[in-house]
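Asks: Quick one: sequence and predicted model below, then my questions.
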Amino acid sequence: MITVTIDDKQIRVEEGSTVLEAAQKAGAYIPTVCYHPDLKSSKGIKPAEFICQGEMKISNAMPEGLSEGCGICVVAVQGVPDLVRSCATEVTDGMVIVTDSDRIGEERRKNLISIMARHPHACLVCPQQEGCDRLECSLDVPVQERCCNLFGHCELQDVTNYIGVDPTTPRWIPTDLPIIKDEPLFERDCNLCIGCLRCVRACNDLRGVGALGFVFNKKGEIQVSSLCPSLKESGCRFCTACVEVCPTGALIDKNIRAGQEEEDLVPCKAACPANINIPGYARLIAGGKVDEAHALIREKVPFPGILGRVCIRPCEDV
């Protein structure tokens, strides 16, 4: 354990902790977009050779480039002339940290510009955003420039409301990137991605799947998507961890009817009169685990050979 001072408050923290983790322990709020408590820092991640947004293949334009993170979590450290990123800076014994000042706020708003320029934000800076239903707009903001369905429940909105928006932030120009709705469980809107890499880190580091990646385009902007045209080809397990950590509406669950989750998510199992775990035994058979597949079927049906001869196969229809 070591001692650090955060906003004039002295605390004891574990050696090896980041400044951001120490601040959270001290009760000091540091805004951030790319940080997530279950994920490693996004700073220094290498891009993929290419990604696929639907059928559109995008090659990496910066082979030597590394991700830098959002830069929203900057703080001041006594004795260090430049502001540091709290999510990637480890504490040292006796370190004195300031988490909020005019200089820090200005730098955070400056770093937010590039993020806001890539995401519809007219609603976030609207003086009438409180209580707005996004259906009628007194300022005549075009529908495609209004905020996504997460308006009111968006992490980017919370950060924006806390640190403010730099007046030089450009208006968001609608893009024509793919909106992928034909994959299982969740939808992907590439137009809403801000390049925070949370989904990539959740897929690679948290789940160990590696179905998602990112590249730099010719403007130096991060583009995120699957490594192959479809998630299935990319090796996705559809665990939806990427959806859970996405701070915007770029990844969002498909609409699931209340009380009918099984019908919507696993329709073949729901259609089976015996409610057999069809995806489970199909996956085991595909992996050559025939005995395990038999055992899984027999959890519901003790005599599957008999039932199989009279079954009308309703699972196949769905």
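Replies: Noted; the coordinates are in hand.
Asks: which parts of the longest helix anywhere in the chain are buried?
Replies: Determined from DSSP state H, the single longest helix within the chain is helix 102-116. The neighbour-count check on helix 102-116 (16 or more other C-beta atoms under 10 Å) flags I104, E107, R108, R109, N111, L112, S114, I115, M116 as buried. In short, each C-beta sits where N, CA and C put it, glycine included.
Asks: distance of the fourth one from K181?
Replies: For R109, the distance to K181 equals 35 Å [C-beta to C-beta, to the nearest Å].
Asks: Leaving out the residues flanking it, which one is nearest to C315?
Replies: Leaving aside its chain neighbours, C315 sits nearest to C268 (4.0 Å; criterion: C-beta to C-beta, 6 or more residues apart in numbering).
Asks: list the contacts for the one you found?
Replies: Neighbour list for C268: I278, P279, C315, E316, V318 [criterion: C-beta atoms under 8 Å, 6 or more residues apart in numbering].
Asks: packing partners for the helix or strand containing the third one?
Replies: When you say that, I think you mean C315. Element membership for C315 (DSSP states H and E) is helix 314-317. Secondary structure elements in contact with helix 314-317, counted by 3 or more C-beta pairs under 8 Å, 6 or more residues apart in numbering; DSSP states H and E, are helix 267-271.
Asks: Just the mean pLDDT for the helix it packs on, thanks.
Replies: Helix 267-271 carries an average pLDDT of 90.
Asks: quick check, nearest of the contacts of C268 to L197?
Replies: Closest approach to L197 among the contacts of C268 (C-beta to C-beta): P279, at 29.8 Å.
Asks: A282 versus the closest residue to that closest one other than its chain neighbours, what's the distance?
Replies: In space, and not counting its chain neighbours, P279 is closest to V266: 6.4 Å by C-beta to C-beta, 6+ apart. Using C-beta to C-beta, one obtains 12 Å as the distance from V266 to A282.
Asks: looking at this structure, which helix or strand does the model trust least?
Replies: helix 261-265 (a mean of 75; mean pLDDT, DSSP states H and E).
Asks: Just give me how far it sits from the chain centre.
Replies: A distance of 23 Å separates the centroid of the chain from that of helix 261-265, by C-alpha atoms, centre = their mean, to the nearest Å.
Asks: Check which helices and strands it sits against.
Replies: Counting by 3+ C-beta pairs under 8 Å, 6+ apart, helix 261-265 packs on helix 267-271.
Asks: And the helix it packs on, what's buried?
Replies: The neighbour-count check on helix 267-271 (16+ other C-beta under 10 Å) flags C268, K269, A270, A271 as buried.
Asks: which among those gets closest to G208?
Replies: Nearest to G208 among the buried residues of helix 267-271, with distances taken as C-beta to C-beta, is K269, at 26.0 Å.
Asks: Need the nearest residue in space to that closest one, chain neighbours excluded.
Replies: Nearest one to K269, counting by C-beta to C-beta, 6+ apart, is I278 at 5.3 Å.
Asks: Likewise for C236?
Replies: Spatial nearest neighbour of C236, chain neighbours left out: A211 (4.1 Å); criterion: C-beta to C-beta, 6+ apart.
Asks: Give me the neighbour count for that neighbour.
Replies: 24 (other C-beta atoms under 10 Å).
Asks: Go ahead and confirm it touches L227.
Replies: Yes. Between A211 and L227 there is a contact at 6.4 Å, judged by C-beta atoms under 8 Å.
Asks: so what sits against both of these two?
Replies: What both A211 and L227 touch, as defined by C-beta under 8 Å, 6+ apart, is the set S234, G235.
Asks: Direction included, what does the helix or strand hosting I97 pair against?
Replies: If you go by DSSP H and E, I97 is part of strand 96-98. Each strand paired with strand 96-98, and its direction, by DSSP bridges: strand 2-6 (parallel), strand 74-77 (antiparallel).
Asks: what comes up buried for the shortest one?
Replies: The reference is to strand 74-77. Using 16+ other C-beta under 10 Å as the test for burial, strand 74-77 gives V74, V75, A76, V77.
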